[in-house]
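Undergrad: Please find the sequence and the predicted model below.
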There are 2 protein chains.
Amino acid sequence: MSENELLTDVIRQSRETALLESTLALLEWDERTGMPKRAGSYRAEQVTLISGMIHRRKTDPKLGDRLNELTASELAQGDSPQAATITRLHKDFRRNVRLPVELVEATSKATVLGQQAWEAARADNDWNTFEPHLAEIYSLRRQEAELLCDEGALYDALLDQYEEGARSEQLTTVLGQLRDELTRLVQEISQSTSGPDGNSWQRSVPLAQQRDVSQWIAAQIGYDYERGRLDETTHPFCTTLGPHDCRILTRYQESYFPSGFYGTLHEAGHGLYEQGLPTDWYGLPPGRYASLGVHESQSRLWENFVGRSQAFWQWCLPHITTKLDGAWTGLQVEDLFRDTNLVKPSLIRVEADEVTYNLHIMIRFELEQLLITGELAVADAPDAWNERYESYLGVRPPDHRTGILQDVHWSAGLVGYFPTYTLGNVYAAQLMQAAAAQLGDLEQQLSQGQFRPLLDWLRTNIHSRGFCLHPGSLIEQVCNQPLDAQPLVTYLRDKLAPIYDL
Amino acid sequence: MSENELLTDVIRQSRETALLESTLALLEWDERTGMPKRAGSYRAEQVTLISGMIHRRKTDPKLGDRLNELTASELAQGDSPQAATITRLHKDFRRNVRLPVELVEATSKATVLGQQAWEAARADNDWNTFEPHLAEIYSLRRQEAELLCDEGALYDALLDQYEEGARSEQLTTVLGQLRDELTRLVQEISQSTSGPDGNSWQRSVPLAQQRDVSQWIAAQIGYDYERGRLDETTHPFCTTLGPHDCRILTRYQESYFPSGFYGTLHEAGHGLYEQGLPTDWYGLPPGRYASLGVHESQSRLWENFVGRSQAFWQWCLPHITTKLDGAWTGLQVEDLFRDTNLVKPSLIRVEADEVTYNLHIMIRFELEQLLITGELAVADAPDAWNERYESYLGVRPPDHRTGILQDVHWSAGLVGYFPTYTLGNVYAAQLMQAAAAQLGDLEQQLSQGQFRPLLDWLRTNIHSRGFCLHPGSLIEQVCNQPLDAQPLVTYLRDKLAPIYDL
């Protein structure tokens, strides 16, 4: 076969694998939306079968041979989509075959059991029964990291799966600077006497109206319902089932409107990214998101940088007031804007505001690095957790439920995943700075509900480029600066200074 | 391998194939409920890939060798679930391998194009563009029948795929008798001056209330939402995605309550059958429905024999009146019962009443037999259609849209399928006769909303028995009489005589 024929064949194979992966995504979407209660164990059998098929396809030695040959060829040179396809598929292949089936299966089993144990442990506030599960999971992920790690920190071998090319050394510097800046900001805010009280959100809104508003706002920012849908679930997410099928899910609370509203903006931000990827390359790296951090930058950008801005509420409030049949009459833009930006140290990550959220992440990032090397024993993790909460946020969890047992991630084997959340915030700030510099008066546009210029800018600079570069290189190219926490700090200070009279 | 090991292996293989088949069912369910508009072509690729995998598994020569060996063994003797498994799987295997891939692919392509052409042709009332498609489809199904037919009529080789063991000769006798009885009944009714006018249903009911009523009535007759769900779609259906996941779908018309209500009862009848099959045998013949005719008997039994009875409305009316916030106040059981049983010859099968429905089917059954042998040319089918409508129903289609172009079946390659609808009615009447003889005062039970005894009887006699016998043998065993149209005729006459003063 010629090199071009080899590439065509590899692409055909990978597209076929993507058909199975997207089928798996449907099985999971259905499980988390409306699958009947008792259908779970059979669903698990379906998922196991198809996952196994995917794994066999991805570790097929013939695929490896072809990718070896292609990597040595001219086609792999440069940064064309073809070259990116070869490079990234080859990298995936080598990672997949490095991991013995026994380790993959043991990890899969440990994380299924781990998540079940976590759910029970959290409900019972019972660290002791969960501890051996977590120890086992960390031990397995450590083995994996050792098998994958050629150089650098063990942790980086895991981090790389979510954020290719990221290194803990660099993150420690950049995020450490962010941590110091934000703890200082939190202290200043805590000393301020002029902050918002959050009262604007103390109004219940019927679920049917919340659903209408959510459907509407997602469409307003550009989410395309001919290529997606908005549903409800317990833990909101975004999933892609095909080049023209990206679905988002949110959840509503009658007594707390922002939950469904910002949940929708967040997931729609993810959805806009997926809907902007090159459909011709679906199932291949150039048709895929660049990293979890870049993905999160898109959700945070629409949820926070746009959705929690004063300009946004200037445009949005009259529309919502109409949609809610006058239930919001009397509310002022200024009140909503202030209450939407209430900053308050708390124990629970998913309920945190834009500032303290990153401190929650830093705690996890620091701990998981220590846990993966063994410098910190799993048994000592709860104390380390509580001490950091006290030191960074000035609050100490009264129990494990609101402390180390609050997140599902580690029990699901996701080690190295947390920093991508804060990376998303950092990237979003860098992107907004670059967009504002190029788009003219962005604030003016947002205050008139003109979201298209911003979306088009993201489409051109991020979405349409898929995964052809390391996320770090992509951001650096687009923003003309390397990873930098300063824009995020500046953005937060600029927004919060008038609110808190800093 | 020992024979038992062989059987274990075949069962394991078939269960794995069923995991793929149920995944395919989810892909289709999703396509017909909420899939985004533009996702269709990728969905088709997913379906094609998984269908191909299923086909390869089902025609795997190793499977054939094992089934050959098992068929010759002791294990295949008698009517145990094991024997039924061997016999039916072997039969399926032999059928699958008899058909050359070229024919399967040509049929698949012709029916995809055929359905598209049908949709356009029906909309445009244009027989001529559809005719060549139909000719091609009949030619391909004829080739298939010739390859599969060892003895007897060509048509039977197709019929057997939907109703194992059924023969056109027997059906012609039994259904011919039914046709003669029912045309006579229709004539008598048309001469009656005391029939209902259908006015009770001329009240619109808000969709939200219709949804509530449908959810409720399905649960009342025993449909289990922990193992299923009720959704909405354009063409209602019932589909099974696993041993504990059988979903039903209906559609509502604000101005015509019976559409959603009886649609739900019909699909819930199918659903009750699926939910009553032995879950331990899921994916194998003993865990599968016995035939399409038996399946239809379950839907018709709940929709018509139960749901259109006077006893049912005695119980149901007060409940619905409450649920509809008094919108039905003043309606009498007698009115609803009479209007629910209005008999009126019409052109469209899916809108037909319980009596004339079977005449619509007879017309199709007679024509498709002639078309498959070539005794009737496809070009002459519209005339033959119209003449039979005039002769059996006294109405003549003014155009093709309300004539031969009304059904999707033939364009989808479903030849030999139609008679299973009337077989369902015939079986249902036989089953209700047997159930009434064994359950004491069934009418009294229904009038009090006690559906459990009837459901339990069906569970024991039909549902739990899966597909271990020919459907004909199953019905004969349970009802203690062979296939017989008389119970259906008697049931219809007994119900309609007082309504029409016959």
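TA: Nice, thanks for sending it over.
Undergrad: Of all residues in the stretch 51-200 of chain A, which one is closest to chain B?
TA: Residue nearest to chain B within the stretch 51-200 of chain A (C-beta to the nearest C-beta): residue A:53, separated by 8.3 Å. All C-beta spots, glycine's among them, are computed from the backbone N, C-alpha and C.
Undergrad: tell me the phi and psi of that residue?
TA: Phi and psi for residue A:53, reported as degrees, to the nearest 10, are phi -60, psi -40.
Undergrad: If we ignore the residues flanking it in sequence, what's nearest it?
TA: residue A:20 (5.9 Å; C-beta to C-beta, 6 or more residues apart in numbering or on different chains).
Undergrad: what comes up buried for stretch A:210-223?
TA: A:210-211, A:213-214, A:217-218, A:221-223 (16 or more other C-beta atoms under 10 Å in any protein chain shown).
Undergrad: which one of those residues is nearest residue A:147?
TA: For these, the minimum distance to residue A:147 (C-beta to C-beta) is 40.3 Å, reached by residue A:223.
Undergrad: quick one: contacts for the residue nearest to the spatial centre of chain A?
TA: Central residue check for chain A by C-alpha atoms, centre = their mean: the C-alpha nearest the mean position is that of residue A:296, 4.0 Å away. Neighbour list for residue A:296: A:420-421, A:423-425, A:427-428 [criterion: C-beta atoms under 8 Å, 6 or more residues apart in numbering or on different chains].
Undergrad: make it 6 Å
TA: By C-beta atoms under 6 Å, 6 or more residues apart in numbering or on different chains, residue A:296 lies in contact with A:420-421, A:424.
Undergrad: Could you list the low-pLDDT ranges of the stretch 351-500 of chain A?
TA: Low-confidence segments of the stretch 351-500 of chain A (pLDDT under 70): none present.
Undergrad: picking up where we left off before, pretty sure the residue nearest to residue A:53 contacts residue A:54?
TA: Yes. Shown here, residue A:20 and residue A:54 form a contact pair, counting by C-beta atoms under 6 Å, at 5.2 Å.
Undergrad: Comparing the two, which residue is more hemmed in?
TA: residue A:20 (19 against 16; other C-beta atoms under 10 Å in any protein chain shown).
Undergrad: Quick check: which element contains that one?
TA: helix A:3-33 (DSSP states H and E).
Undergrad: Over to residue A:150?
TA: When the helices and strands are read off by DSSP H and E, none of them contains residue A:150.
Undergrad: Next, count neighbours for it.
TA: Residue A:150 is flanked by 5 other residues according to other C-beta under 10 Å.
Undergrad: And it, how far from residue A:160?
TA: Separation of residue A:150 from residue A:160 (C-beta to C-beta, to the nearest Å): 11 Å.
Undergrad: ditto for residue A:323
TA: According to C-beta to C-beta, residue A:323 stands 45 Å off from residue A:160.
Undergrad: Give me the number of neighbouring residues for residue A:90.
TA: For residue A:90, using other C-beta under 10 Å, the count is 19.
Undergrad: That one touches residue A:67, doesn't it?
TA: Yes. Residue A:90 is within contact range of residue A:67, at 4.2 Å (criterion: C-beta under 6 Å).
Undergrad: Could you pull up phi and psi at the nearest residue to residue A:491 once chain neighbours are set aside?
TA: Spatial nearest neighbour of residue A:491, excluding adjacent residues (C-beta to C-beta, 6+ apart): residue A:429 at 4.9 Å. Dihedral pair for residue A:429: phi -70, psi -40, per degrees, to the nearest 10.
Undergrad: before we move on, what about residue A:430?
TA: Dihedral angles for residue A:430 - degrees, to the nearest 10 - are phi -60, psi -40.
Undergrad: tell me the contacts of it?
TA: For residue A:430, the contacting residues are A:479, A:487, by C-beta under 6 Å, 6+ apart.
Undergrad: Now do it against residue A:466, distance only.
TA: Taking C-beta to C-beta, one finds residue A:430 at 19 Å from residue A:466.
Undergrad: swap in residue A:88?
TA: 10 Å.
Undergrad: neighbour-wise, which of those two wins?
TA: In this view residue A:88 and residue A:466 are compared by other C-beta under 10 Å, and residue A:466 has more residues nearby, 24 against 18.
Undergrad: if I pick the spatially closest residue to the more buried one that is not a sequence neighbour, what's in contact with it?
TA: Counting by C-beta to C-beta, 6+ apart, the nearest residue to residue A:466 once its immediate chain neighbours are dropped is residue A:286, at 4.0 Å. When contacts are counted by C-beta under 6 Å, 6+ apart, residue A:286 touches A:81, A:84, A:466, A:468.
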